[in-house]
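*Asks:* Predicted model and sequence below, questions to follow.
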Amino acid sequence: MIKAIIFDCFGVVLVDAFDAAYEKFGGDVAKDHDFIVQTFYESHTGGAFSGDVLAKHLGIDPKEWKETINEGSTLNQNVLDYVGELRTKYKTGMLSNVGGGRLPEMFEPGVLEKYFDAVVGSGDIGYAKPEPEAYEITADLLGVRLDECVFIDDRQHYVDGAKAVGMQGILYTSLSQLKSDLEVLLKK
């Protein structure tokens, strides 16, 4: 029986502005893929803030990078409204690969607490998706077993990581698709 639904942040709750920002400053996301993945992994597990590393790589001021990302990362209020509906029957959580302390900075005060019972940033716990510990810690904070969770992300390898530890997983492409897929899982 499903007792908790866990959402990713970037690309699900927030529209992800990374690719557009990176290309705006002359970066090539495809060419720099390995560098970007490594930079994020190090930041998401407690290393140097990825924005500083990326800004240096792109030859811009870190403040300019942060402003561009923040301007482009808009709240998906329709998804949050759905989270609010779900929270009346299920525990809700957020698990995001993000540098330590960054999640609260990205939302207006009180928003995270209004919608989520637990909010986990990988940089705060030292484990990043798809590492099993990231999912395990989130489930523990929600007070549920792994097999009682559904994890929703816009990146398949993070959904696969959730499934590998025993969670149900949904690849997010749109809100209507999410509602349809989640309805099927919740009826089981």
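*Replies:* Sure thing, it's come through.
*Asks:* Domain parsing of the protein, as residue ranges.
*Replies:* The record's domain split for the chain, according to automatic domain parsing, is 4-15+74-187, 18-72.
*Asks:* now for the last one, what's the gap between its first and last residues?
*Replies:* Start and end residues of domain 18-72 are separated by 8 Å (C-alpha to C-alpha, to the nearest Å).
*Asks:* hang on, the earlier thing: considering the domains of the chain, which stretch scores lowest in mean pLDDT?
*Replies:* Among these, domain 18-72 carries the lowest mean pLDDT, at a mean of 90.
*Asks:* hey, which of the domains of the chain is tucked in deepest?
*Replies:* Most buried of those by mean neighbour count (mean count of other C-beta atoms under 10 Å) is domain 4-15+74-187; its value is a mean of 18. (Glycine included, C-beta is placed from N, CA and C.)
*Asks:* Which parts of the protein are helices?
*Replies:* For the chain, the helices defined by DSSP state H occupy 18-24, 33-44, 50-58, 62-72, 77-87, 102-105, 111-115, 122-125, 132-142, 156-164, 175-187.
*Asks:* now those helices in CSV, with distance to residue 12?
*Replies:* Formatted as CSV, the helices of the chain follow (distance: least, C-beta to C-beta, whole Å):
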stretch, distance to residue 12
helix 18-24, 14
helix 33-44, 16
helix 50-58, 19
helix 62-72, 15
helix 77-87, 6
helix 102-105, 13
helix 111-115, 12
helix 122-125, 15
helix 132-142, 14
helix 156-164, 10
helix 175-187, 8
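*Asks:* Ok, which of the ones you listed comes nearest residue 4?
*Replies:* Nearest of the helices of the chain to residue 4, taken as C-beta to C-beta: helix 132-142 at 4.6 Å.
*Asks:* so what does that closest one touch, helix or strand wise?
*Replies:* Packing partners of helix 132-142 (3 or more C-beta pairs under 8 Å, 6 or more residues apart in numbering; DSSP states H and E): strand 4-7, strand 91-96, strand 118-121, helix 122-125, strand 149-153, helix 156-164.
*Asks:* Apply 7 Å and report the result again.
*Replies:* Applying 3 or more C-beta pairs under 7 Å, 6 or more residues apart in numbering; DSSP states H and E, one finds that helix 132-142 makes contact with strand 91-96, strand 118-121, helix 122-125, helix 156-164.
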